[in-house]
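Peer 1: dropping the sequence and predicted coords here.
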Amino acid sequence: MRIERLSGDSREATWALVGEVDTFASAELCALIMDEAEQEHGMVFDLSRVTFIDSTALGVLLGGSKRAPSRGLRFALRTNVSPVVMRVFDATSVQDRFEWVGGDDDGSAGVREPRRPRPSGGSATASGLGPPGRPPPSLP
């Protein structure tokens, strides 16, 4: 994996992840997220050039999406995620746990938007637990 800083200022930076984001690369991604949070920088991630993402990397992104806002910082993903990433997000139903933003018009983040994430249907529905106040469906 390669991490590229696409743009930014003293309050927020946009980062591109390129290549395979696996268990080994997740440590580097986690360090970046923690460093940016310590410096009180918001973060936007472009995943348009990710060719593989595993559960460890997904966990790092989910952790960042929880921790940054608790510190008053933005943590968002660009809507131009690669088809590989979108398949993982679809399979794990995590789209609604992220803030989504469009890309800049400078073209540096990739040339295509394969699919936009589905709009949020509410946290209980998005988590697969059903309407609030009802227990999850039981399996036969």
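Peer 2: Sure thing, it's come through.
Peer 1: just want the most central residue of this structure.
Peer 2: By C-alpha atoms, centre = their mean, the chain has its centre lying nearest to L77, at 4.6 Å.
Peer 1: got a list of what that one touches?
Peer 2: V44, F45, D46, L47, L61, F98, E99, W100, V101 (C-beta atoms under 8 Å, 6 or more residues apart in numbering). Heads up, the C-betas are built off the backbone N, CA and C, glycines and all.
Peer 1: do that again at 7 Å, thanks
Peer 2: Neighbour list for L77: F45, L47, F98, W100 [criterion: C-beta atoms under 7 Å, 6 or more residues apart in numbering].
Peer 1: among these, who's most crowded?
Peer 2: Using other C-beta atoms under 10 Å as the neighbour test, those are led by F45, with 27 neighbours.
Peer 1: mind checking how far the strand or helix carrying it is from the chain centre?
Peer 2: Element membership for F45, per DSSP states H and E: strand 42-53. Counting by C-alpha atoms, centre = their mean, to the nearest Å, strand 42-53 is centred 7 Å from the centre of its parent chain.
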